[in-house]
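A.B. asks: here's a sequence, model it:
(2 chains)
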Amino acid sequence: MRFVRGLSYRASAIAGVATQFFFGLVFVMVFQAFARSGGDSIRAGLDNTQIASYVWLQQAFLALIMMWYRDRELLSTIASGDAAYELCRPVDAYFFWYARLLAGRLAGAALRCLPILAVAALLPEPYRLCAPPSLASGLCFVLCMALGVFLIVAITIFAYILTVLTLSPTAPFIFLTPVYEFAAGMVIPLPFMPDALQKILYYLPFRLCVDLPLRMYSGAIAAVDAPGLLLRQAIWIVLLVPLGRLALNRALRGAQAVGG
Amino acid sequence: MPFSTLAGVWLLFTRFGDLAGWTAPEALLCYGVTNCAFALSELMARGFDSFPSVLSNGEFDRVLVRPRSLVLQVLGARLDLSRFGRLAVGFVILGWAVSGLAIKWSFLKAATVFLMVACGALLFTGIFVLGAAFAFVTTDGLELVNVFTDGGREMAQYPMTIYERPMRFVFTFLIPFACVNYLPLMFVLGKGGSPFAALLPLVGAVFVVPCLAVWKAGVRRYVSTGS
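C.D. replies: Next up is the predicted model:
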């Protein structure tokens, strides 16, 4: 009985990976089919290999780059009023939460990314996850991804700050997630969007978390452009972190411990 | 959530014009049929989806002693009204697709679309039931079923032609998704399917039968769980 249970526990982890893998396969085929029927003139940006690597990296690092990663424990602490204890701790609440969310994301991705990447690299040709075209692209991908993760935590922490204000652990996520997912390129890659829309989204920070690293990997964004884009990521982080810290401290000052 | 996905699909069509020879309204019909079917199935068969928890907390013993049909009880355990929203979205897409199509409708074609939605819902229900049946073995839910429920919905939203042969094979003969949307759609859209394709959705309805049989076999060898 214990054996079966243990097995089914492991099975559910495998099943999670299998589900993501299947979704990835469907997305690759759908996007490639669209790109094929569009013809070369408007294909703009991504060829088949680039589509494949975009989708596979997205699935593999989903825990790092999606909005819908929620620290249930933290949210329930906020909703139940236990967050009051946190304030007594001699640490900065913002950086404490920040580190916590960052760690949670890293742990989630560490578990899932390797099996997906390994299998995706073994697929037959148009669907295969290829190596980056150059060492520079690969290196820039790692850098963009790293800064991107710092940025997305700085963005998502605002949802937690909203939770402090509204005491609803779901509402901020329900409203923010579609916006983020769409603007970041989680739903469809940015190059597949109309040009006018792309221009607007390029001004927002969201695409720097997903679109930038995923396209950097396959060389769809040239490695030469990396320094400027990395700088942009850094600027957003430097901007959003103090802003978030200010907002959180404001929110916590106004918050009254609820619950008995 | 579905709105951002829908917007994504719409943008893909504005960018690329068509999908493997299917125009936007044609592909949207496929999209709408699948989403309606899935929403209907979720609306009705949610009880089977949450069945593992019923099993693991011992609730199922109480279900067993009641002198009513087991399937009916499990089905009725959770009528998830919030799913009406999803169903509404599905019907809006369907209406949008139909209004954009330039084909001549006949009674047979309309009936086929109706049959596709109904049988598609039964097909998804079949998968939910099969997933519930696995719970007899593992007690915990088997997440792998998600590949075929959520994954199946994602896949069946688009015309089957865009997928590779092995995948088409699996989803035509093993789990007959193609029979409830792609093949009959060929007929409805006048893409060269024979009128017999109008009857193909029934295969999806038949799919439920072995699934229920497996579940009932699970009930027979069921030994109570719980603390």
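A.B. asks: let me see the ranges of the helices in the chain.
C.D. replies: All of this is about chain A. Remark: helices assigned in chain A by DSSP state H are A:2-38, A:48-60, A:62-65, A:72-80, A:83-88, A:93-121, A:135-166, A:171-184, A:195-203, A:211-217, A:226-254.
A.B. asks: not quite, I wanted chain B
C.D. replies: Secondary structure of chain B by DSSP H: the helices cover B:2-16, B:24-49, B:51-56, B:59-65, B:70-77, B:83-100, B:107-138, B:145-148, B:150-156, B:165-169, B:177-180, B:182-188, B:201-220.
A.B. asks: adding mean pLDDT, write those out as CSV.
C.D. replies: Formatted as CSV, these follow (pLDDT from 0 to 100):
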stretch, mean pLDDT
helix B:2-16, 78
helix B:24-49, 82
helix B:51-56, 74
helix B:59-65, 74
helix B:70-77, 73
helix B:83-100, 82
helix B:107-138, 82
helix B:145-148, 78
helix B:150-156, 82
helix B:165-169, 81
helix B:177-180, 78
helix B:182-188, 77
helix B:201-220, 82
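A.B. asks: now render the ones you listed as a markdown table, adding mean neighbour count and distance to chain A.
C.D. replies: Using the backbone N, CA and C atoms, a C-beta is placed for each residue, glycine as well. What follows is these, written out as a markdown table (neighbours: other CB atoms under 10 Å in any protein chain shown; distance: least, CB to the nearest CB, whole Å):
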| stretch | mean neighbour count | distance to chain A |
| --- | --- | --- |
| helix B:2-16 | 17 | 4 |
| helix B:24-49 | 23 | 10 |
| helix B:51-56 | 20 | 10 |
| helix B:59-65 | 13 | 17 |
| helix B:70-77 | 15 | 21 |
| helix B:83-100 | 16 | 13 |
| helix B:107-138 | 21 | 4 |
| helix B:145-148 | 22 | 5 |
| helix B:150-156 | 21 | 4 |
| helix B:165-169 | 12 | 8 |
| helix B:177-180 | 27 | 12 |
| helix B:182-188 | 23 | 14 |
| helix B:201-220 | 17 | 14 |
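A.B. asks: still on that earlier bit, would you single out the least confident of the helices of chain A?
C.D. replies: Taking the mean pLDDT of each of the helices of chain A, the lowest value is held by helix A:83-88, a mean of 69.
A.B. asks: returning to what we had before: and the helices of chain B as a markdown table, adding distance to residue A:14?
C.D. replies: Formatted as a markdown table, the helices of chain B follow (distance: least, CB to CB, whole Å):
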| stretch | distance to residue A:14 |
| --- | --- |
| helix B:2-16 | 26 |
| helix B:24-49 | 20 |
| helix B:51-56 | 17 |
| helix B:59-65 | 26 |
| helix B:70-77 | 27 |
| helix B:83-100 | 28 |
| helix B:107-138 | 13 |
| helix B:145-148 | 11 |
| helix B:150-156 | 15 |
| helix B:165-169 | 20 |
| helix B:177-180 | 23 |
| helix B:182-188 | 29 |
| helix B:201-220 | 22 |
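A.B. asks: where does the stretch 151-260 of chain A come near chain B, residue by residue?
C.D. replies: Residues of the stretch 151-260 of chain A lying close to chain B (CB under 8 Å from any CB of the partner chain) are A:177-179, A:181-182, A:187-188, A:192-194, A:197.
A.B. asks: so of the helices of chain A, which one's packed in deepest?
C.D. replies: helix A:211-217 (a mean of 28; mean count of other CB atoms under 10 Å in any protein chain shown).
A.B. asks: report the backbone C-alpha coordinates of it in CSV.
C.D. replies: Taking Å, rounded to 0.1, in the frame of the first residue of the first chain, the C-alpha atoms of helix A:211-217 are listed here in CSV:
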residue,chain,number,x,y,z
ASP,A,211,10.0,37.2,-24.7
LEU,A,212,13.5,38.5,-24.4
PRO,A,213,15.3,35.5,-22.9
LEU,A,214,13.4,33.0,-25.0
ARG,A,215,14.2,34.7,-28.2
MET,A,216,17.7,35.5,-27.2
TYR,A,217,18.4,31.7,-26.9
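A.B. asks: from the middle of its chain, how far away would it be?
C.D. replies: In this view, helix A:211-217 has its centroid 12 Å away from the chain centroid, taken as CA atoms, centre = their mean, to the nearest Å.
A.B. asks: follow-up on the earlier one: could I get the helices of chain A as TSV with distance to residue B:165?
C.D. replies: Below are the helices of chain A laid out as TSV (distance: least, CB to CB, whole Å):
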stretch	distance to residue B:165
helix A:2-38	12
helix A:48-60	18
helix A:62-65	28
helix A:72-80	42
helix A:83-88	55
helix A:93-121	19
helix A:135-166	33
helix A:171-184	32
helix A:195-203	35
helix A:211-217	28
helix A:226-254	40
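A.B. asks: so which of those is nearest residue B:112?
C.D. replies: helix A:2-38 (24.6 Å; CB to CB).
A.B. asks: residues contacting residue A:66?
C.D. replies: Contacts for residue A:66 (CB atoms under 8 Å, 6 or more residues apart in numbering or on different chains) come out as A:181, A:186.
A.B. asks: what of residue A:157?
C.D. replies: Residue A:157 sits next to A:94, A:97-98, A:101, A:244, A:248 when contact means CB under 8 Å, 6+ apart.
A.B. asks: which two in the residues of the stretch 151-260 of chain A next to chain B are spaced the farthest apart?
C.D. replies: A:177 and A:194 (22.4 Å).
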